[in-house]
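*Asks:* Need a 3D model of the following:
(one chain, ligands or ions: 1)
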Amino acid sequence: SGKAGKGGSDGKITLGFAQVGAESGWRTANTKSVQDAAKKAGITLKFSDAQQKQENQIKAIRTFIQQKVDVIAFSPVVESGWDTVLKEAKDAGIPVILTDRAVDSKDTSLYKTFLGSDFVKEGRSAGEWLAKEYADEEGPVNIVELQGTTGSAPANDRRAGFAEIVEKDDKFKVVASQTGDFTRAKGKEVMQAFLKSHKDIDVLYAHNDDMALGAIQAIEEAGKKPGEDIKIISIDGIKDAFVAMTEGKINVVVECNPLLGDQLMDLTKKVADGQSVPPRVETEEGVFTQDQAAEALPTRQY
Ligand code: GYE
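*Replies:* The predicted structure is shown next:
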């Protein structure tokens, strides 16, 4: 029965949302967007923070199943290993919405839809900026890469999309690539190690702004100029990154929109009501360079 459970006695929909954590500015904006949108939509939100650990997210989802929520949404920390718990939700008749990050489950009937960005496209945009920037230079162009959380969809896809573009020209060399777990602290720490082991870094490609901002500290402490001695490409578009662009410290930011709350509540209502929804809902985003940063900064919402 499609409408079974919906709303409980008061007719209100209950949504269980298992968030990744609070690792980045993107994530805190995403959390706020989900909380605000739930309130606005009159949806009861059960919110859990997994602190970047898959086991915590699985526990949270099992709790939501026991509590018989109407809909479960989650942003999977990593891509693999979800089939068992998703099957449990399906058997309990609770529809699941993936938000922000995808899973690699072969059985797509385990979830209703995936709402989020195209991370491969973001990686390609980063690579395309670089290819243009160095179009007239012979190279070699030595690149270091700060990857997001190991095994996460955005880390896998941003890496792949970028590689697809830079591999077309062998003047581009990715000389080091390591995870900084999407945090400032780790971004700084790993950049320090990169700077020690590689004397001639031309470009940093960071899978998110927070790691880029951490790396900027490491670069400055090493007596180099971020944005000049080492060009910096990052992804997300948080305010702090726009500030760094206006200061000349980041060269380009590929936008990834965390404000998914309203779309998520809309999908939640539909799946709770047994309506069909498109299997993939993509968010719209752009690319911003230094010359656009000052003008765009006051309009940034996260
Ligand atoms: O880019 C990063 C966050 O999954 C798109 O997760 C999200 C990523 C985002 O920690 O800052």
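*Asks:* all strands for the stretch 201-302 of the chain, in order.
*Replies:* 203-206, 231-236, 252-255, 280-282, 287-289 (DSSP state E, counting those that start in this stretch).
*Asks:* what's the answer for the stretch 1-150 of the chain, then?
*Replies:* Under DSSP E, counting those that start in this stretch, the stretch 1-150 of the chain gives strands at 14-19, 44-49, 71-74, 96-99, 113-116, 141-147.
*Asks:* Would you mind giving those strands as a markdown table with mean pLDDT and mean neighbour count added?
*Replies:* C-betas here are computed from N, CA, C, even on glycine. Shown next, in a markdown table, are those (pLDDT from 0 to 100; neighbours: other C-beta atoms under 10 Å):
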| stretch | mean pLDDT | mean neighbour count |
| --- | --- | --- |
| strand 14-19 | 98 | 25 |
| strand 44-49 | 98 | 16 |
| strand 71-74 | 98 | 28 |
| strand 96-99 | 98 | 24 |
| strand 113-116 | 97 | 22 |
| strand 141-147 | 98 | 24 |
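*Asks:* Next, format the ones you listed as a markdown table and append distance to the ligand.
*Replies:* Listed next are the strands of the stretch 1-150 of the chain as a markdown table, based on distance: least, C-beta to the nearest ligand atom, whole Å:
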| stretch | distance to the ligand |
| --- | --- |
| strand 14-19 | 11 |
| strand 44-49 | 13 |
| strand 71-74 | 12 |
| strand 96-99 | 9 |
| strand 113-116 | 7 |
| strand 141-147 | 11 |
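*Asks:* Figure out which of the ones you listed is closest to residue 257.
*Replies:* Closest approach to residue 257 among those is made by strand 113-116 (9.2 Å; C-beta to C-beta).
*Asks:* How about residues contacting that closest one?
*Replies:* 75, 97-102, 260, 263-264, 267, 271, 277-283 (C-beta atoms under 8 Å, 6 or more residues apart in numbering).
*Asks:* Which among these count as buried?
*Replies:* Buried subset of the contacts of strand 113-116 (neighbour count, 16 or more other C-beta atoms under 10 Å): 75, 97-102, 260, 263-264, 267, 271, 277, 281, 283.
*Asks:* on that earlier part again, nearest to the ligand, out of the strands of the stretch 201-302 of the chain?
*Replies:* strand 231-236 (4.9 Å; C-beta to the nearest ligand atom).
*Asks:* Direction included, what does that closest one pair up with?
*Replies:* Strands that pair with strand 231-236, judged by DSSP bridges, come out as strand 203-206 (parallel), strand 252-255 (parallel).
*Asks:* quick one: it to strand 141-147, angle?
*Replies:* 30 degrees (axes from the mean of the first three to the mean of the last three C-alpha atoms, to 10 degrees).
*Asks:* send the alpha carbons of strand 231-236 over as CSV?
*Replies:* Provided in CSV are the C-alpha atoms of strand 231-236 (Å, rounded to 0.1, in the frame of the first residue of the first chain):
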residue,chain,number,x,y,z
LYS,A,231,47.8,28.0,-9.1
ILE,A,232,44.8,26.7,-7.3
ILE,A,233,41.6,25.1,-8.7
SER,A,234,38.9,24.0,-6.2
ILE,A,235,35.3,22.9,-6.1
ASP,A,236,32.2,24.0,-4.1
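*Asks:* still on that earlier bit, possible to save the strands of the stretch 201-302 of the chain as JSON lines with distance to the ligand and mean pLDDT?
*Replies:* Shown next, in JSON lines, are the strands of the stretch 201-302 of the chain (distance: least, C-beta to the nearest ligand atom, whole Å; pLDDT from 0 to 100):
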{"stretch": "strand 203-206", "distance to the ligand": "10", "mean pLDDT": "99"}
{"stretch": "strand 231-236", "distance to the ligand": "5", "mean pLDDT": "98"}
{"stretch": "strand 252-255", "distance to the ligand": "10", "mean pLDDT": "98"}
{"stretch": "strand 280-282", "distance to the ligand": "13", "mean pLDDT": "94"}
{"stretch": "strand 287-289", "distance to the ligand": "15", "mean pLDDT": "94"}
